[in-house]
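**Q** Just the structure for this:
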Amino acid sequence: MTQVRPVLVDYRSCLRAAGFLALLIPAALPAQISDETADKAADETAVLALADSALQLISDEDFVGLTDLMLDEASSFTVRERDGVLGYRIRTRAEERAMTVDVDLVERGFGGIAQVQGHLATVWLPYDFYTDGEWSHCGVDTFTMLRTEEGWRIASLAWTVEQPPDCERHPDGPPASSPG
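**A** A predicted model of the protein is given here:
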């Protein structure tokens, strides 16, 4: 007659192996998860900073500097509705670079949200806008960014042009140099 080995021995071996792995896995995972979380947080901070830099360059009326943050193939889109008619304007990076203005611009973003997946990022950034110190409009800027060998670059910039209540003014109120 054939002797049958108790199944219990196999379970014990499995339990010992599982127990050993249970000791190793938690030790390895937090470091990996922590590194991935830190990398993602650093990328989110970097793309939000890039969006803030773009708005500061617009406020400085430095469109050459703005386009230096962009890919050569980048484009900009404006979307607005006026008197019930939807309109949009598209500009290439070269057209954006050649822009000149003879007014004082102030564009301020707030409450930005960054999303990063690998080498692609988006930023959703509410903003308000003043021209020659006077309230003009508000809306949302959306940036699509790509990570290149030189770092994050703007691939496209699109924004809405709206009035409250469809958008919000900056929570800090008007800029210090604006009457409101």
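**Q** and the longest strand along the chain, what does it pack onto?
**A** Ranked by number of residues, the top strand in the chain under DSSP state E is strand 134-148. Secondary-structure packing of strand 134-148 (3 or more CB pairs under 8 Å, 6 or more residues apart in numbering; DSSP states H and E): helix 7-59, strand 120-131, strand 151-161. No exception for glycine: its C-beta is placed from N, CA and C like everyone else's.
**Q** now the angle between strand 151-161 and it, please.
**A** Strand 134-148 runs at 150 degrees relative to strand 151-161, counting by axes from the mean of the first three to the mean of the last three CA atoms, to 10 degrees.
**Q** In three-state terms, how would residue 164 be classified?
**A** Following DSSP: H, G, I helix; E, B strand; the rest coil, residue 164 is assigned to coil.
**Q** wait, is residue 171 part of a strand?
**A** No: counting by three-state DSSP, residue 171 is not part of a strand but coil.
**Q** what number of residues lie near it?
**A** Under the neighbour criterion other CB atoms under 10 Å, residue 171 is assigned a count of 10.
**Q** before we move on, what about residue 152?
**A** Neighbour tally, residue 152, other CB under 10 Å: 21.
**Q** Pretty sure it sits against residue 144.
**A** No: counting by CB atoms under 8 Å, residue 152 does not reach residue 144; the two are 10.8 Å apart.
**Q** Geometric centre of the chain: which residue is closest?
**A** When CA atoms, centre = their mean is applied to the chain, the residue found nearest the centroid is residue 123 (2.3 Å).
**Q** All good on my end, thank you.
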